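A.B. asks: Okay, sequence plus prediction incoming.
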Amino acid sequence: MLKRHARTACTALAAAGLLLAGTGGATADSAPSAATTLRTADAPPELLAAMQRDLGLTPTQARARLAHEAEAGATAARLRDRLGAAFAGAWVDGADAATLTVATTRAADTAAIRATGATARLVPRALADLDSAKAALDRAATAGTPVRYVDPRSNTVVVEEAEPGAAARLLAATGTDAALVTVVRTAEAPRPLYDLRGGDAYYMNGSGRCSVGFPVTKGTVNGFATAGHCGRAGTTTSGFNQVAQGSFQASVFPGNDMAWVAANTQWASTPYVKGSGGANVQVTGSVLQPVGASVCRSGSTTGWHCGTIQQHDTGVTYPEGTISGVTRTTVCAEPGDSGGSYISGSQAQGVTSGGSGNCSGGGTTFFQPLNPILSAYGLTLKVTGSDPGPGPGEPEPGGTWKAGTVYAAGATVTHGGASYRCLQGHQAQPGWEPPNVPALWQRL
């Protein structure tokens, strides 16, 4: 958690056509590929340059990586739906993320996995079992075991131990089988990252500073999503220019790290994140990307930095308490970056929560995923380039699917007389109707 105070820093915190084999291209009904849906070919030069700098990529690798990640996310989601209880996680590897690995507990699944172009991994424990074990550890964790997460590569729950014996005490207190757990010693102590365009600074009650996450709307009201530790309901804000901006409408921390600020009429939400050199990076959706995917962060202290997604659904214990469901990344951050934007290609991922290290020596950071914030507060992400939907006199197809709704993986809807299951969590928008985006919806 990185909160920047006014006078002192509080230390409490590819070508787009190079698609994954078996997953790219249009379907028989000419529906767009995942890379097309997520508009990876439209990545701005500033984002690609940052990926080259921070991930050591060539220009060709950076472009190819975004396309491969989009296709891998869609393929992994389809396989998760197909494998059901046997699914044990998925991740991408390689400089351009061309290798997707999907793990399963059932040997009979390996042929189906390989048929998609992915690598199959047979493991003893299902993802649901590891998630359940981690949830029990999260409930009993202390500062001696500050970070817990499921690592699909090792098929275990990783517990980071800051004090000798702390992990053993946690396992004993929860009755967790030691065979499920990998213990890693750590000297780092995560803390919140305190400090309308994503990444711009804002100030709370005229003192502390945080960063705008993603501009949103709620009805006719403009505002932005940010971290809950930056302020409580009623906390007033001013913008990067110190002009009166708005106030926190709702906030949760600890437990989660989410909040939203409603702006006054002087401020308008834009579909952009502040990139390198102040350039605008467009936001076109909120599809969460897979483990191993590239991700870039914008913050008001350290600006624009990139890295990779290490784990989703991580539990972190800060001095203020435990938060669950955050995503662990290799992106650096410092005080004042809290609340700022994480984006993969043009897909909004989440808002900066906390971490350890800095942008001189490197570090680990965590973001609160954005979709739960949008869903909890009834917010609509501001995006660019979406289809306007039916014109005057054109009827909406019948069904339960609705633009603006946040759908989690596994949710079911009807549209145009057919039923669909959501493959990847996202906020629906015009142009992303289920039959149009097979990367996001599976027809039943």
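C.D. replies: Received, thanks.
A.B. asks: Can you pull out the low-pLDDT segments for the stretch 301-444 of the chain?
C.D. replies: Applying pLDDT under 70 to the stretch 301-444 of the chain flags residues 385-397.
A.B. asks: Name the nearest residue to residue 326, ignoring sequence neighbours.
C.D. replies: Nearest residue to residue 326, sequence neighbours excluded (CB to CB, 6 or more residues apart in numbering): residue 366, at 4.2 Å. In this view, the C-beta of every residue, glycine as well, is placed from N, C-alpha and C.
A.B. asks: Residue 244 too?
C.D. replies: What sits nearest to residue 244 in space, not counting adjacent residues and going by CB to CB, 6+ apart, is residue 238, at 5.5 Å.
A.B. asks: same deal with residue 66?
C.D. replies: Nearest non-adjacent residue to residue 66, counting by CB to CB, 6+ apart: residue 40, 4.0 Å away.
A.B. asks: quick one, phi psi at that neighbour?
C.D. replies: In terms of degrees, to the nearest 10, the main-chain angles of residue 40 are phi -70, psi -30.
A.B. asks: What separation is there between it and residue 84?
C.D. replies: Going from residue 40 to residue 84 by CB to CB, to the nearest Å gives 29 Å.
A.B. asks: Then residue 78?
C.D. replies: Separation of residue 78 from residue 84 (CB to CB) stands at 12 Å.
A.B. asks: which one of the two has more residues nearby?
C.D. replies: Shown here are residue 78 and residue 84; by other CB atoms under 10 Å, residue 78 has more neighbours (18 against 12).
A.B. asks: any idea whether the more buried one is helix, strand or coil?
C.D. replies: Judged by DSSP: H, G, I helix; E, B strand; the rest coil, the three-state class of residue 78 is helix.
A.B. asks: Quick check: it touching residue 442?
C.D. replies: Yes. Judged on CB atoms under 8 Å, residue 78 makes contact with residue 442 at a distance of 6.5 Å.
A.B. asks: Mutual contacts of those two, please.
C.D. replies: Taking CB atoms under 8 Å, 6 or more residues apart in numbering as the criterion, residue 78 and residue 442 both touch residue 423.
A.B. asks: any weak-confidence spans in the stretch 151-300 of the chain?
C.D. replies: Within the stretch 151-300 of the chain, the ranges that satisfy pLDDT under 70 run 192-196.
A.B. asks: ok, now the stretch 1-150 of the chain?
C.D. replies: Scanning the stretch 1-150 of the chain for pLDDT under 70 picks out the ranges 1-30.
A.B. asks: how about the helices in it?
C.D. replies: 34-37, 45-55, 59-83, 110-115, 127-140 (DSSP state H, counting those that start in this stretch).
A.B. asks: what's the offset of the first one from the middle of its chain?
C.D. replies: Same thing as helix 34-37. Relative to its parent chain, helix 34-37 has a centroid offset of 18 Å by CA atoms, centre = their mean, to the nearest Å.
A.B. asks: Dump that helix to CSV, restricted to CA.
C.D. replies: Output of helix 34-37 as CSV, limited to C-alpha atoms (Å, rounded to 0.1, in the frame of the first residue of the first chain):
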residue,chain,number,x,y,z
ALA,A,34,-9.8,-13.0,-29.3
ALA,A,35,-7.0,-10.8,-30.5
THR,A,36,-9.4,-8.9,-32.7
THR,A,37,-12.0,-8.6,-29.9
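A.B. asks: Give me the helices and strands touching the longest strand along the chain, please.
C.D. replies: Longest strand of the chain, by residue count under DSSP state E: strand 303-318. Counting by 3 or more CB pairs under 8 Å, 6 or more residues apart in numbering; DSSP states H and E, the packing neighbours recorded for strand 303-318 are helix 45-55, helix 127-140, strand 147-151, strand 294-299, strand 321-329, strand 347-358, strand 362-369.
A.B. asks: Tell me, how many residues neighbour residue 115?
C.D. replies: The number of residues packed near residue 115 is 10, by other CB under 10 Å.
A.B. asks: so how far is residue 173 from it?
C.D. replies: Applying CB to CB, the value for residue 115 to residue 173 is 44 Å.
A.B. asks: Repeat that for residue 414.
C.D. replies: Distance, residue 414 to residue 173, using CB to CB: 46 Å.
A.B. asks: coming back round to it: in contact with the residue nearest to residue 66, which residues?
C.D. replies: By CB under 8 Å, 6+ apart, residue 40 lies in contact with 16, 63, 66, 67, 69, 70, 345, 346.
A.B. asks: now, the most widely separated pair of those residues?
C.D. replies: Spatial extent of those (CB to CB) is set by the pair 63 and 346 at 13.2 Å.
A.B. asks: what touches both of the two?
C.D. replies: Taking CB under 8 Å, 6+ apart as the criterion, residue 63 and residue 346 both touch 40, 43.
A.B. asks: Excluding residues flanking it in the chain, which one is nearest residue 405?
C.D. replies: Excluding the flanking residues, the one nearest residue 405 by CB to CB, 6+ apart is residue 428, at 5.2 Å.
A.B. asks: Tell me how many other residues surround the one you found.
C.D. replies: Counted with other CB under 10 Å, the neighbours of residue 428 add up to 22.
A.B. asks: List the beta-bridge partners for the residue nearest to residue 244.
C.D. replies: Counting by DSSP bridges, residue 238 is bridged to residue 203, residue 244.
A.B. asks: how near is it to residue 146?
C.D. replies: Remark: distance between residue 238 and residue 146 (CB to CB) = 33 Å.
A.B. asks: next one: residue 124
C.D. replies: As judged by CB to CB, residue 124 and residue 146 stand 27 Å apart.
A.B. asks: of these two, who's got more company?
C.D. replies: The neighbour count for residue 124 versus residue 146, taken as other CB under 10 Å, is higher for residue 146 (25 against 10).
A.B. asks: pretty sure that one is touching residue 315, no?
C.D. replies: No. In this structure, residue 146 is not within contact of residue 315 by CB under 8 Å, at 9.3 Å.
A.B. asks: what ranges do the helices span in the stretch 151-300 of the chain?
C.D. replies: 166-174.
A.B. asks: Give the full set of residues in contact with residue 159.
C.D. replies: By CB under 8 Å, 6+ apart, the contact list for residue 159 reads 137, 145, 147, 148, 167, 170, 171, 181, 182, 183, 184.
A.B. asks: What degree of burial does the residue lying closest to it once chain neighbours are set aside show, as a neighbour count?
C.D. replies: For residue 159, ignoring the flanking residues on the chain, the nearest one in space by CB to CB, 6+ apart is residue 167 at 4.7 Å. Residue 167 is flanked by 26 other residues according to other CB under 10 Å.
A.B. asks: how near is residue 167 to residue 144?
C.D. replies: To residue 144, residue 167 is 8 Å away according to CB to CB.
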